[in-house]
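[1] Give me a 3D structure for the following:
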Amino acid sequence: MKRNITIKVAGQEYELTAESPEHESILRDAAKIVNRQVDKVSSGVLTGKDSLEIIVMAAFTISTGYVMQNRLLKKTEEEETRLHKEIEGYLDNIDKISR
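    Next up is the predicted model:
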């Protein structure tokens, strides 16, 4: 059930189409994250800078967190795969011993 929504980001309103209630929730949460970061950046180190610089730094900060989370997820998935293989090895050994 598509729905047209209005999202306000960094003082600008944007018309978007949400594909589902869950998608709408994701879009609204994303806008909150961007707005919080813009507020944080504009009240911190970049006080007095223009809007573009503030938005770029907010996007960079959010992107850095995204990259860090993706790397952590990849390491976790690799560890899961390693542990899964290790468990399979143990189970194979138990099966061989029990025969």
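
[2] start to end distance for stretch 7-22?
    Looking at stretch 7-22, the gap from its leading to its trailing residue is 15 Å under the measure C-alpha to C-alpha, to the nearest Å.

[3] what comes up buried for that stretch?
    Neighbour-count burial for stretch 7-22, counted by 16 or more other C-beta atoms under 10 Å, picks out 7, 9, 10, 18. In this view, the C-beta of every residue, glycine as well, is placed from N, C-alpha and C.

[4] Over to stretch 61-74?
    Of the residues in stretch 61-74, those with enough neighbours to count as buried (16+ other C-beta under 10 Å) are residue 62.

[5] what's the pLDDT at the most centrally placed residue in the chain?
    Of all residues in the chain, the one closest to the mean position by C-alpha atoms, centre = their mean is residue 66, 5.0 Å from it. Per-residue confidence (pLDDT) for residue 66: 96.

[6] So which other helices or strands are in contact with the host helix or strand of it?
    Residue 66 belongs to helix 51-98 when assigned by DSSP states H and E. Contacts defined by 3 or more C-beta pairs under 8 Å, 6 or more residues apart in numbering; DSSP states H and E place helix 51-98 against helix 21-42.
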